[in-house]
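> Test case, fold it:
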Amino acid sequence: MKILNRQYLIYTVILFMLASSLTGWELHTLIAHPVFSSMSEVSDADSVKVTSLQRFLSSVEAQLEITLAAEEAWAQNNLNYYMPLPKELSFKATGNPDDLISRFKRAIRINPQSKLISYLQLVPGQLAGQNPVLVPEEVTPLKGNDGFYNVIFVGLNQDELIDPLSVLVSANHEPDLGLDIGLYTDNGTEWGQLYGFGTQPFGDPKLEYGSQAPFHMGLYHEAGIINLMAPFIQECYPEYRIHLYKTLSELAFRMGEDYWGWRFMGWGLHYIGDLVQPYHARALPGVGVFKMISMNILDILGRSRMKDEAIQIVSNRHLAIEMLERQILENAYLDASTQSLQFETLSKEVVVPHYVDMIPRSVIAKRSYAEATRLDQIIVSNFPKILVSDPGVEFDKRPEKDEILKLLQATGDTGALENLEQELNMILSSFSVYGRSYVQSIVQSL
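You can find the predicted model right below:
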């Protein structure tokens, strides 16, 4: 009996990935706006001229070849589990405009179906003005777009002047619009066969969002025995994306392409936001190593109940805390409540440390891993038990999920909601600090 076989260990180490949402936060825009609207480097920056991806790439093509070659060398030298870019996908400045965008997408290994049009994702209460309102299918190739209720996308015109804050905040959610979908050989996509990442190391390769798991999670700090038994869980790519988009942002700014400088910056910030979420830094919050191994053995013996229940419970807790955060912030925006606890936490002045490449792994993800058990306990103690502790319940199918904030308010237990908000504030403070650090490192390098 091969208990340590990768085929079986994948179920015990990353159980919840088989069932739960793969978004770090429901809508990254909601979190980003108060952080960067209070940061002078962003809020006071001059308006920028909207530039299409085609025109941007045409203007930087020669420099882009050099930049991406250096970036690939950095990744191979600094990321232990990095799967190198196949040489035939390396970006070459051929001068051919017909395949320029596809050459770029292949070179940075993102979903070739990504739209990458010029658009904004508005925050609640923000008016579209004269800009055309878009349906989700115009900005994302994703098939499941139920999560975009109450979300407004608007199109931008070539050469239109726009404030950098809006560009940055919109781009901060863009990686969840399908950029990292289907990149592995077992994802059933043509590009997954070409990109060189191999088979998906963890997560469910058959689920649309599940296929992006290794790019949006940083399982760098699991127990030693778990890493020994399942070293593949360290094949995580947030660091790769964070550094790549930082490099592209700096290139764009140097070349006078400020619109794409802010947009790439927003992409990189997305993964920092994901690592801030404890459910993206620890495989199974609340489940000890011994129990994980026990579930593995029982599952091999055909007794999968413990595994299945763990999947459902962790999934429910993950979804519940994300949905609560979304609703808290949506209400604050619509009420213009800038004095809300969430806005105060995200927008207050903080000491911004100097950014270095080790921060995502060694600081942000490490802190999130350490906080995961506490978050799990607070969720259990303060949410209705049926929603987060009953394995027979699927949170995502419960009618209460869209009114979870009102449900908590209606209980009359003000302490429960306050406990959850305080915990969310503590978690999100990492994004406020290190998101600003990332922005400053780009702006100050120019």
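> just so I have it, where are all the strands in this protein?
Taking DSSP state E as the criterion, the chain carries its strands at 48-49, 119-121, 133-134, 153-155, 161-162.
> Just name the most buried of the ones you listed.
Highest mean neighbour count among those (mean count of other CB atoms under 10 Å): strand 119-121, with a mean of 23. Yep, even glycine has a C-beta here, placed from its N, CA and C like the rest.
> For it, name the packing helices and strands.
Using 3 or more CB pairs under 8 Å, 6 or more residues apart in numbering; DSSP states H and E, the elements in contact with strand 119-121 are strand 153-155, helix 164-171.
> okay, these, which one's buried deepest?
Comparing these by mean neighbour count (mean count of other CB under 10 Å), helix 164-171 ranks first with a mean of 25.
> what about stretch 32-51, distance to the chain center?
Relative to the centre of its chain, stretch 32-51 is centred 20 Å away, using CA atoms, centre = their mean, to the nearest Å.
> Between the two ends of that stretch, what distance do you get?
Stretch 32-51 has an end-to-end distance of 22 Å (CA to CA, to the nearest Å).
> Just the mean pLDDT for that stretch, thanks.
Stretch 32-51 carries an average pLDDT of 97.
> Of all the residues in it, which ones are buried?
32-39, 42, 45, 48, 50-51 (16 or more other CB atoms under 10 Å).
> Turn those into a markdown table, including distance to L183.
Below are those laid out as a markdown table (distance: CB to CB, whole Å):
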| residue | distance to L183 |
| --- | --- |
| A32 | 24 |
| H33 | 29 |
| P34 | 32 |
| V35 | 29 |
| F36 | 28 |
| S37 | 33 |
| S38 | 35 |
| M39 | 32 |
| V42 | 30 |
| A45 | 33 |
| V48 | 30 |
| V50 | 28 |
| T51 | 26 |
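> so, if you compare the residues you listed, which one comes nearest to A410?
Closest approach to A410 among the buried residues of stretch 32-51 (CB to CB): P34, at 26.5 Å.
> Can you list the low-confidence ranges for the chain?
For the chain, the stretches with pLDDT under 70 are 1-24, 288, 337-339.
> mind redoing it with 80?
Residues of the chain that meet the criterion pLDDT under 80 lie in 1-24, 144, 203-204, 223-231, 286-308, 311, 336-339, 412, 446.
> Would you mark the buried spots in stretch 245-254?
Within stretch 245-254, the residues scored as buried using 16+ other CB under 10 Å are 245-253.
> The closest residue to I379 other than its chain neighbours: neighbour count?
In this structure, I379 finds its nearest non-sequential neighbour in R317, 4.8 Å apart by CB to CB, 6 or more residues apart in numbering. Close neighbours of R317, defined as other CB atoms under 10 Å, add up to 25.
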